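> Return atomic coordinates for the entry below.
(chains A and B)
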2 protein chains.
Amino acid sequence: MDGIHLLGEWYGCAADLPEMTRAGPLRTLCLRVSEASGMTIVGDRFFQFEPQGVTGTVLLAESHLAIHTWPEHGFVTIDVYVCNYTTDNTAKAELLFRSMQDALMPQHTKFQAIHRGGRDA
Amino acid sequence: MDGIHLLGEWYGCAADLPEMTRAGPLRTLCLRVSEASGMTIVGDRFFQFEPQGVTGTVLLAESHLAIHTWPEHGFVTIDVYVCNYTTDNTAKAELLFRSMQDALMPQHTKFQAIHRGGRDA
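Now for the predicted structure:
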């Protein structure tokens, strides 16, 4: 089950964006961008930390988006993982990842793309 | 925001285990093992594919567990990601990962441990 997993650490994000601080706006952003990237959403869950900060995931037919925000540090980690079971979803994953980055506007980033699975399954 | 992300691809899992095929038993397993590993659960979401197979996540104060099963291939991918914000959660992550592997009994595995974040945040 071949797949691609995009991992980002984003520094210097706009700390006062509602999408950084509150679960509702971040959820809305994640769902909108997932859909716009051609993903099939099958569920989601977001948790509000107090006084601020969010942990959330969107379950996709293609696999998942996961995001964690630390507004007090302007810091975000994000995962976009897609399996390429019946079709190659890599371009959708890259579009979703880039769209989230455009929305949260990090000043600098770390990025890794990890190949998952392989010929055994 | 230093963190460790454990990624597994598990082959030859017992295809007829309820934890492989159905969302309810897999959710119960994930919540039980997360708690037993000392994690703080803040939410979860699991989705049942038909006729079988599950996608699910557990949101943790420490970050997240994500799992996808393909019973027809005996295949599982799993992510355990923890941040080490106020305390080092690496040992908890390793215990959670090993406990899930013991439960789903893969015949062979691929494993990667990815360092995330760093001194910038």
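> List the contacts of the one helix or strand residue A:93 maps to.
Assigned by DSSP states H and E, residue A:93 belongs to helix A:90-104. Helix A:90-104 has contacts (C-beta atoms under 8 Å, 6 or more residues apart in numbering or on different chains) with A:4, A:6, A:8, A:10, A:13-14, A:17, A:19-20, A:29-30, A:33-34, A:36-39, A:62, A:65, A:67, A:76, A:78, A:80-82, A:84, A:109. (Glycine included, C-beta is placed from N, CA and C.)
> From the residues you listed, list the buried ones, please.
Among the contacts of helix A:90-104, those scoring as buried are A:4, A:6, A:8, A:10, A:13, A:17, A:19-20, A:29-30, A:33-34, A:37, A:39, A:62, A:65, A:67, A:76, A:78, A:80-82, A:84 (criterion: 16 or more other C-beta atoms under 10 Å in any protein chain shown).
> Which entries in the residues you listed are shared with the contacts of chain B?
residue A:81 (C-beta under 8 Å from any C-beta of the partner chain).
> Inside helices: which ones of the buried ones among the contacts of helix A:90-104?
Among the buried ones among the contacts of helix A:90-104, the ones falling in helices (DSSP state H) are A:19-20, A:29-30, A:33-34.
> Can you pick out the most distant pair from these?
A:20 and A:34 (18.1 Å; C-beta to C-beta).
> hmm, back to that, need the ones in helices among the buried ones among the contacts of helix A:90-104 in CSV with pLDDT, can you?
Listed next are these as CSV, based on pLDDT from 0 to 100:
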residue, pLDDT
A:19, 98
A:20, 97
A:29, 98
A:30, 98
A:33, 98
A:34, 98
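> Between those residues, which sits nearest residue A:116?
residue A:34 (19.1 Å).
> Would you state the strands of chain A in chain order?
Taking DSSP state E, the strands of chain A run over residues A:3-11, A:41-48, A:54-60, A:63-70, A:75-83, A:108-116.
> May I see those strands organised as CSV, with mean pLDDT added?
Formatted as CSV, the strands of chain A follow (pLDDT from 0 to 100):
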stretch, mean pLDDT
strand A:3-11, 97
strand A:41-48, 98
strand A:54-60, 98
strand A:63-70, 98
strand A:75-83, 97
strand A:108-116, 95
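> Can you say which of those strands is nearest to residue A:25?
Nearest of these (C-beta to C-beta): strand A:54-60, 8.9 Å.
> so what secondary structure elements neighbour the closest one?
helix A:23-36, strand A:41-48, strand A:63-70, strand B:41-48, strand B:54-60, strand B:63-70 (3 or more C-beta pairs under 8 Å, 6 or more residues apart in numbering or on different chains; DSSP states H and E).
> Now distance to residue B:88 too, for these, in a markdown table please.
Shown next, in a markdown table, are these (distance: least, C-beta to C-beta, whole Å):
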| stretch | distance to residue B:88 |
| --- | --- |
| helix A:23-36 | 27 |
| strand A:41-48 | 22 |
| strand A:63-70 | 17 |
| strand B:41-48 | 19 |
| strand B:54-60 | 15 |
| strand B:63-70 | 13 |
